[in-house]
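Novice: I would like the atomic coordinates for the input below:
(2 chains)
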2 protein chains.
Amino acid sequence: MRILLRLISSSSTGHHFRAGLSSRHQLSAQLSTLIHPLKSHSPPMAATEDSLRKALAEKQSAVEGQGNAVRALKAAKVSKAEIDAAIGTLNALKLEKSSIEKQLQAVVSGNGPDSSVSKEAFRQAVVNTLERRLFYIPSFKIYRGVAGLYDYGPPGCAVKSNVLAFWRQHFVLEENMLEVDCPCVTPEVVLKASGHVDKFTDLMVKDEKTGTCYRADHLLKDFCNEKLQKDLSITAEKAAELKHVLAVLDDLSAEELGAKIKEYGIVAPDTKNPLSDPYPFNLMFQTSIGPSGLIPGYMRPETAQGIFVNFKDLYYYNGNKLPFAAAQIGQAFRNEISPRQGLLRVREFTLAEIEHFVDPEDKSHPKYPEVADLEFLMFPREEQMSGQSAKRIRLGEAVSKGIVNNETLGYFIGRVYLFLTRLGIDKKRLRFRQHLANEMAHYAADCWDAEIECSYGWIECVGIADRSAYDLRAHSEKSGVPLVAHEKFSEPREVEKLVIAPVKKELGLAFKGNQKMVVEALEAMNEKEAMEMKASLETKGEVEFYVCTLEKNVCIKKNMVTISKEKKKEHQRVFTPSVIEPSFGIGRIIYCLFEHSFYTRPSKAGDEQLNVFQFPPLVAPIKCTVFPLVQNQQYEEVAKVISRSLTAAGISHKIDITGTSIGKRYARTDELGVPFAITVDSTSSVTIRERDSKDQIRVNVEEAASVVKSVTDGQRTWDDVWSNFPHHSSGTTED
Amino acid sequence: MRILLRLISSSSTGHHFRAGLSSRHQLSAQLSTLIHPLKSHSPPMAATEDSLRKALAEKQSAVEGQGNAVRALKAAKVSKAEIDAAIGTLNALKLEKSSIEKQLQAVVSGNGPDSSVSKEAFRQAVVNTLERRLFYIPSFKIYRGVAGLYDYGPPGCAVKSNVLAFWRQHFVLEENMLEVDCPCVTPEVVLKASGHVDKFTDLMVKDEKTGTCYRADHLLKDFCNEKLQKDLSITAEKAAELKHVLAVLDDLSAEELGAKIKEYGIVAPDTKNPLSDPYPFNLMFQTSIGPSGLIPGYMRPETAQGIFVNFKDLYYYNGNKLPFAAAQIGQAFRNEISPRQGLLRVREFTLAEIEHFVDPEDKSHPKYPEVADLEFLMFPREEQMSGQSAKRIRLGEAVSKGIVNNETLGYFIGRVYLFLTRLGIDKKRLRFRQHLANEMAHYAADCWDAEIECSYGWIECVGIADRSAYDLRAHSEKSGVPLVAHEKFSEPREVEKLVIAPVKKELGLAFKGNQKMVVEALEAMNEKEAMEMKASLETKGEVEFYVCTLEKNVCIKKNMVTISKEKKKEHQRVFTPSVIEPSFGIGRIIYCLFEHSFYTRPSKAGDEQLNVFQFPPLVAPIKCTVFPLVQNQQYEEVAKVISRSLTAAGISHKIDITGTSIGKRYARTDELGVPFAITVDSTSSVTIRERDSKDQIRVNVEEAASVVKSVTDGQRTWDDVWSNFPHHSSGTTED
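Specialist: Modelled structure (predicted):
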């Protein structure tokens, strides 16, 4: 979940990269040479906007020129007619300028059906409904809450639990994954090895007087967006510069960010006080394990590490066979500097992560053919770089053309697509975006994000990365426990084998107490690294060498190590597996699902708009409501009988015996996304109403629960039921 | 979950009390007057042990006396015959003494089938199997682990997820509870209100030289147990004293504990260094929320507070009606000083908690008749005080006789009994123990623990408490948000109403900036408190008054408040609901289930003992294995077909195509507790084997999955299946 975590904090521009393992700062160094004016996956600067800004500037100087002309004519005391004519021209120019301003304003604030205004209004409607119906609640509300912490109330909690149950069915059960459940409290050594202690940071600035903290990139981003949207007087060049800053925002080093903040004169938003230079703030919640205060620990920022440290046992459990996948669902934590965007950016969240371990020399997948024919929106690197947009591609084609690095990665992309769309995510607002080369950590083979479009833009909800052998190697090195797999040969093979022979005496003299760490690091080199070192030692006699466990470079001299290749007979191959990691931000998926499921429709009287969540039965918090049509003991008895059958069938439901009109009761239940309503209007038969069509059928009391069960379990469709039962005219009951 | 939490730390003696809300120290003050020699729920000192100790002491002095006599005879140089006779007597006495010693040793170490030795061996067998088959694993093992943190490996994780799914079905769904999901990170104010910040502590001592920390009560307990079991020379009086200390261990104040540690000369176990005085250590993991470092937070020690702070919204969600229950499943954390007892005492654990809100004036429950006829082991207060043991009582009788305080509490006791026994907990090793008066917080109406007997003794796994209005009142006071319910009267009623009128001017003069808090506290008094204050003010003119928000007593004078009763017409009653809280330690239940499900049986050849977990299908981590009898492509194809049907039916299963003997494969699967195995020995029909009976039936390939589904879902029993399908003689395949 490194990617997602990163994203949760730093990408609403859609651009982001790995946390911890390859930090913002390392990367920005790599990037400084390749920064291009516009990240092409942010929309290329609209031609109209550009030309409008130029036209506006021209018109502005024309207005100024004409104004000067009018003043000159007045000073020259020419005839009134001449002056009037000049003023007429000036007014016409002003009108033209004002018209261009209006057009520009419309372009930058994005009018039309997708405008930020209507998006904002839509979001407000969704969020109001969600909060009012207790899908979620700001945590600790009676104590005025804590930013970035939310409770799921009863319907939200039910949706979450349905999503997780389906995730278990779709991934763990169908793929025979090994599920584990590890603690949130994690000792420092584990997160030191993973890189989080050193690099899981965001850049922060402080109000120099009050000490209030802000995310440096947020302030810069807000400044640029504000300027672009509200200041029409800036030149096309300035606008391009600001857009460029937005595009490279996540790649800026602390120094570069600080320089921009100074250059633009950005101050603390609340107080207008000056700001400190940006500095890294570690996003993990720190604590201390045990009573001594001597064992630092953190609340895990992702669940993946719990799987990596158990690799050896899990491999054994799987009969020492590859490939296999382990999975974990659990809480993760990040101490956001300033949480925003409601449920999308929170300080505690549920992750569901899969680590699929595979032989790096064979990344085929036996079930790949099952997904190869899926076709959906993909947004490969090439298309992003050349300014195109996402397009529908057949998954099999993407894999065979090498756009997707390998079959296993492709298989998981397909499975994620099926998972999300079966939950109810709109296919048209779901795309798989490939990471640009500069977004990926150096060790990653390929990485795709499932991005879902909502009112906040395209939001990364699942990251699917081929992380190669990085994580297992890091823990092998730090723990000294080999996390490797074996392939037994049916007969011994002659192989050319790399032999790294550290000369301990020389290393001891040079590195004293650190000798052991240097020796281990030398021995852990892969073939490429070792052969490069060999070449360097032969030409230069010495070489800089980074020792992970020492966290610094040391100087290795020619007499300290011999590197050679020898022919050997081998009975097995020992290797570090690659890991392919699909990582799901459950809260983000749920929030997007809320937006995609929400619509409004007029009430029967037409006097108000009613809210509906069109959840599929799979995720609906309550599957069915039971309404006695009128308050009447007989009907209530029937309702209870049906309720008991529903309970026995495991169908979550609710009885509503209030005296309110049946129309109002339907509206209430539509707003919770309940797909079916049983209305008791006789003691022998009842009606079942489907939420979105509002169609009703008539069913015997004894059958009601089993009919609802069959449609909620997906054994039959509503259409099927509709064509097999007598229809009930809704006119009599809907209001 | 206060009770359970408390227990997790401090009770393996079986005695414990509320944390936070009524601290160890407060309580011990109350207790100092009522400490009785032996808590009667620890077994009364065995008569035999007592008389044996006395006999041993007598025999010891007889031996000494006779020894002196022999020496005197020798000094007096009497005849050899006389000396020999005396020595003969001495030797006989020594033999007798030795025989008494042996008897006493047997008594104190508890020989027989229940002896600590065989318990220990049984536990080792269970734990070895659990760890070898990855039911659980010490967390971060490759880094040498962290005490008190465990991972659930694949089968353990599956068991846990099955237990939680059943909990949701049995409680949330069947009772229409409102499930919520709140964060673990909790701001200090919430836990200040609940009492955890001030009182959720254990007493700790430090090695004065090395700084190593120990739980003071653990050291004292270990000392007493060691002395009682290994030192046969102590007198019966001394033994009684040590047992008394064990019985009152949890009630001792820091000073009392310190005094005992000094008196017995207890030193640090590892170094023999002297120990510091005991002092309280807060068991919450502390952290800091946000980047400023100014908002202290904790990892929640229980999930209950998340429900209480949401009471107002949940009450509204429930249509402003009582009773209703809210529920939460989630992680909780306690930073144990020195974790012990494997999965029973850990630093992070899953709780499932219910808060059932009810009108304090009507604690009836509509579904109570459904459980009233259950009969099971109960251990009421009376029986504990009079030294009896738990006995089978009909729940309805316990409620009607007032042993259980009210119907709702009784209902939940019954539901908990059904929950645990359906999971597979042995009825004979499950009892409901009532808290003694001194174990309960002062505000609690009644409290029962579901205790399960395992190799560690009787372990509290579920606490079921009527906590009255305490929690809601505490948060009302601290937050200023009224957490109350309303009962609308059908017609107005004349009531005598308490009127508390603080005289703000006088209070302002006396308490300055604290005036507001004092006023609020005065107004929050209940009738009893107010009338007591009124009486005191009238007699003494002033009174000490504890102000919760100030955390101290203030002196209220007669002129500061008027208290009176007035007759009023009221249209509704406003009251703070009572809460009945069943609180489940999921990890503890699962561990006890492991022990209760484990047995061994000889292999067919009789040369080894095979392990079996007899999990019911409901909790079995894998429901079914599929074995091709021999490695053969046809059979493997059939196995795959069956596997697909099982997946479609949602049945977790595993294919084992290794070439090992079918007997070995059965043994492997028995050890994981898999209830059914399908063996493919033809392409048309297969056998299904039941784990415990080893009985096999023969079924068509097409039917196999649906037969397994019907028995795992509980739609039919194995007996039913057994009588409906042809039997397969197991002789041919079992080995």
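
Novice: roughly how far apart are the residue nearest to A:Ser693 when sequence neighbours are not counted and A:Ala677?
Specialist: Excluding the flanking residues, the one nearest A:Ser693 by C-beta to C-beta, 6 or more residues apart in numbering or on different chains is A:Trp718, at 7.4 Å. Backbone N, C-alpha and C define where each C-beta goes, glycine included. Taking C-beta to C-beta, to the nearest Å as the criterion, A:Trp718 is separated from A:Ala677 by 13 Å.

Novice: comparing these two, which residue is more hemmed in?
Specialist: The residue with more neighbours, out of A:Trp718 and A:Ala677 and counting by other C-beta atoms under 10 Å in any protein chain shown, is A:Ala677; that gives 27 against 18.

Novice: so A:Gln609 makes contact with A:Ser603?
Specialist: Yes. Taking contacts as C-beta atoms under 8 Å, A:Gln609 lies within contact range of A:Ser603: 7.5 Å.

Novice: neighbour-wise, which of those two wins?
Specialist: Comparing A:Gln609 with A:Ser603 by neighbour count (other C-beta under 10 Å), the higher total belongs to A:Ser603, at 15 against 12.

Novice: now do the contacts for that one.
Specialist: Contacts were defined as C-beta atoms under 8 Å, 6 or more residues apart in numbering or on different chains; by that measure A:Ser603 touches A:Gln609, A:Leu610, A:Gly663, A:Ala667.

Novice: I'd assumed the third one was in a helix, is it?
Specialist: I take that to be A:Gly663. Yes. Judged by DSSP: H, G, I helix; E, B strand; the rest coil, A:Gly663 forms part of a helix.

Novice: so for it, what's the pLDDT?
Specialist: The predicted local confidence for A:Gly663 comes out at a pLDDT of 89.

Novice: that one reaches A:Lys604, doesn't it?
Specialist: Yes. Counting by C-beta under 8 Å, A:Gly663 touches A:Lys604, with 6.1 Å between them.

Novice: over to A:Arg573. Which of the three states is it?
Specialist: On the basis of three-state DSSP, A:Arg573 is classed as strand.

Novice: what about it, how many residues nearby?
Specialist: Other residues lying near A:Arg573 total 15 when counted by other C-beta under 10 Å.

Novice: in chain A, which strand is the longest?
Specialist: When secondary structure is assigned using DSSP state E, the longest strand within chain A turns out to be strand A:485-502.

Novice: packing partners for the next helix or strand after it?
Specialist: Using DSSP states H and E, the helix or strand that follows strand A:485-502 in sequence is helix A:504-511. Helix A:504-511 makes packing contacts with helix A:515-523, strand A:552-557 when contacts are defined by 3 or more C-beta pairs under 8 Å, 6 or more residues apart in numbering or on different chains; DSSP states H and E.

Novice: next, the buried residues of helix A:504-511.
Specialist: A:Glu506, A:Leu507, A:Gly508, A:Ala510, A:Phe511 (16 or more other C-beta atoms under 10 Å in any protein chain shown).

Novice: deepest-packed of the helices and strands packed on helix A:504-511, please.
Specialist: Highest mean neighbour count among those (mean count of other C-beta atoms under 10 Å in any protein chain shown): helix A:515-523, with a mean of 18.
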